[in-house]
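Visitor: below are the sequence and a predicted model for it; my questions follow.
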Amino acid sequence: MEKKLAKVNQSVEKALQLVEVLASSREPMRLGDLAVACGLPASTALRLVNTLLLHGYANQDPVTLRYSLTLKFAQIGSQVSSQMDIRNLAHPWLLELSSRCGESCCLAIEENRQVVYVDVVEGPDGMLKIMQRIGKRAPLYCTGVGKIFLLNDDTASLEQYIAENGLEPLTSHTITTREGLLSELEKIGRQGYALDDEECEQGARCVAAGVRDYTGKVVAGISVSGPLHRMEPEHIRRIIPQVQRTAQRLSQLLAYEE
């Protein structure tokens, strides 16, 4: 999926840099400060910001003469968001991830406090045909991607989820206590990935990582699953960075910045 970029237009690069500086500023900026922040001559910064003004992307306060961006960027962002299908966006990355890991890969979203699998790339033995077919639902508390989604919850929301849904044991490995789940989520938050060690399906292990959008919210989960005889500790250690890297790349496409 990595591609070498062709030659770039330096003027466009400078304009984008100026836009990003204005966007990250907490208050409107003076031209001189904007030029310094971008590492540009004042004349170049003025030419770029005047172009933004002309096309309605920037505003200049008539009193302070400071510059800021307009909501035209929000309008464009909304239009892009409405066109973006996470499944189509992620599918090529799932294919690559499955090829690299030699296992089945899934993309999941959260809906009505459940995991919903929206795309599946089969591994060598096709074990996910039964486990995680497209459209299948699963609990949040005992799946790798589900536990990733629970990271979105504050304490009150998590307590409500446990009270309303319970922590029913699906296998002998399922976490079934409030304390155990809270401890697990804290660990996942620290390490940046989740494991499902036969917690949802007997005989299968899973590694999952979250895809975040520009707000920082986990909006999808990527997972790699396989049978116990292949998903041994050493294999899992090799898979973890691959899953994390794929999730990070998709997050970047959704404008997430760490």
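Guide: Arrived safely, thanks for sending.
Visitor: can you list the neighbours in contact with the helix or strand containing Arg190?
Guide: Applying DSSP states H and E as the criterion places Arg190 in helix 178-191. Judged by Cβ atoms under 8 Å, 6 or more residues apart in numbering, the contacts made with helix 178-191 from elsewhere in the structure are Tyr141, Lys147, Ile148, Leu150, Leu151, Leu158, Glu159, Ile162, Leu167, Ile175, Ala194. To be clear about C-beta, it is placed using only N, CA and C from the backbone, and glycine gets the same treatment.
Visitor: now that helix: buried residues?
Guide: Residues of helix 178-191 classed as buried under the neighbour-count rule (16 or more other Cβ atoms under 10 Å) are Leu181, Leu182, Glu184, Leu185, Ile188.
Visitor: same question, stretch 90-105
Guide: In terms of neighbour count (16+ other Cβ under 10 Å), stretch 90-105 has its buried residues at Ala90, His91, Trp93, Leu94, Glu96, Leu97, Ser98, Arg100, Cys101, Glu103, Ser104, Cys105.
Visitor: excluding chain neighbours, what is closest to Ala209?
Guide: In this structure, Ala209 finds its nearest non-sequential neighbour in Ala247, 3.8 Å apart by Cβ to Cβ, 6 or more residues apart in numbering.
Visitor: let me redo that: Asn165
Guide: The shortest distance from Asn165 to any residue other than its chain neighbours is 6.6 Å, reached at Arg113 (Cβ to Cβ, 6+ apart).
Visitor: give the contact list for Glu164.
Guide: By Cβ under 8 Å, 6+ apart, Glu164 lies in contact with Arg113.
Visitor: er, Asn9 I mean
Guide: Asn9 makes contact with no residue under the criterion Cβ under 8 Å, 6+ apart.
Visitor: that one and Leu54, how far apart?
Guide: When Cβ to Cβ, to the nearest Å is the yardstick, Asn9 and Leu54 sit 18 Å from each other.
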